[in-house]
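*Asks:* have a look; sequence and predicted model below, questions after that.
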Amino acid sequence: MAPIGRLIFLAVVMLVSQKERLNQAELAEIRVLVTAVDHAMKGDPVAGAASLRWLPHFLRAPDGRTYVPYTVAIEDVPEDTFSTVALYVRVATRGDRTISTERDKRIGPTGVDVPSFAYDAAAAASNRLRFLDRPDQKQSGPYPFEAAHFAPVWWEGRRGSGLVQRALMLPPGSYDLYLAVREREDSIGRGRTPQASVLKRELDVPDFSTKAFSISSPILAARIDPVGRSLDAREQTMRPYALGGTEITPVQTKMFAPSDTLTVLFFVYNAGTDKNGKPDVSAEFQFFGLQPDGTGAAVGPPVTQRFDSTVLPREFDLRAGHPLVPMQSLPLASIPPGQYRLEIRVTDRIASATASRELQVAVR
């Protein structure tokens, strides 16, 4: 593992909203997705041309909310489809079934500015997204989060998943997330109807706003690369895992070969410090066999890291905002094929506090 002082991570990312003037064709594309999500919200069956997976991570944001970078994986589609998509995301309070027409009295396009990129002010973004609003009708307020994007899809040989990455910001709480993707009109052949799919997921957003010792979602990383320069708002939108000077590429599968090595990292929040601003934190990584009932014995010895004044650089100071980001590589060569639970247990010796997370992985 590289010394933590050489990894420049920011524990939070301030993202700046942009808004773009959309033309009528783009508004029409988003309107189709808004309608599809309205149907899904009412419980109507929604046919989907693709299988969608939503792969989120949860990190602390600077204002009491939670930063949620995510990957949308588009699967089970023919070649030469979904090369670029319109993406619409709506987050509603858990159980809320108030659709857009009931909430906003939308009756037709007005040509107002619509944010294609909106993370740092979800409520304001939702207000601007009401491109079908009727101003003389009373409105019931915005959804907790709502945004639209136009994005290319990244494919690796067209044999795996097509990937799109974006992010959202939410206060802690329980939500229903609706996500709709549709091929762009100008990316398909003449005479073919754009294919679309809708995904609904329950979303429980953790609370990092307290002063309690905690850790972020662990991220299994395929790569960790230096960014090399500051990103502008548009680039940050398209690269939500670029955190400070480092960009993380999350793995998109939980299935691994014995020859693979897992690289896992996470952010530590609110650790206690000594008089020099140094923490005394240990992180333990332990595999457990995973049985159908959720139980399983430990497999192999635990791997332990320590972060204190004896190993951290002299200039490291949590009080100055330096992030504490444990990262560990875990070879799988000694682990037999099977299903496993990777438990990560982090202990703050100064505050006498612990936090834990777990991941499920399979070795084939």
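*Replies:* In hand now; what should we look at?

*Asks:* just list whatever residues bridge to L243.
*Replies:* Here L243 shows beta-bridge partners T246, assigned using DSSP bridges.

*Asks:* what's the spacing between it and P69?
*Replies:* The gap separating L243 from P69 is 9 Å, by C-beta to C-beta, to the nearest Å. All C-beta spots, glycine's among them, are computed from the backbone N, C-alpha and C.

*Asks:* touching both of the two, which residues are there?
*Replies:* Shared between the contact lists of L243 and P69 (criterion: C-beta atoms under 8 Å, 6 or more residues apart in numbering) are residues L59.

*Asks:* other SSEs contacting the helix or strand containing R345?
*Replies:* Taking DSSP states H and E as the criterion, R345 maps to strand 338-348. Strand 338-348 sits against strand 261-265, strand 281-289, strand 353-363, with contacts defined as 3 or more C-beta pairs under 8 Å, 6 or more residues apart in numbering; DSSP states H and E.

*Asks:* could you dump these to JSON lines with mean neighbour count?
*Replies:* Below are the helices and strands packed on strand 338-348 laid out as JSON lines (neighbours: other C-beta atoms under 10 Å):
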{"stretch": "strand 261-265", "mean neighbour count": "18"}
{"stretch": "strand 281-289", "mean neighbour count": "20"}
{"stretch": "strand 353-363", "mean neighbour count": "16"}
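
*Asks:* hmm, back to that, who does the strand holding R345 pair up with?
*Replies:* Strand 338-348 has these strand partners (DSSP bridges): strand 281-289 (antiparallel), strand 353-363 (antiparallel).

*Asks:* nearest to R223, of the helices and strands packed on strand 338-348?
*Replies:* strand 261-265 (8.6 Å; C-beta to C-beta).

*Asks:* ok, and what's touching the closest one?
*Replies:* Contacts for strand 261-265 (C-beta under 8 Å, 6+ apart): 218-222, 224, 248, 256, 285, 325-332, 342, 344, 359, 361.

*Asks:* next step: those restricted to strands.
*Replies:* Counting by DSSP state E, the contacts of strand 261-265 place 219-222, 224, 248, 256, 285, 327-331, 342, 344, 359, 361 in strands.

*Asks:* mind giving me the PyMOL select for those residues, buried ones only?
*Replies:* The buried subset of these, as determined by 16 or more other C-beta atoms under 10 Å, is captured in PyMOL by this line:
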select buried, resi 219+220+221+224+248+256+285+327+328+330+342+344+359+361
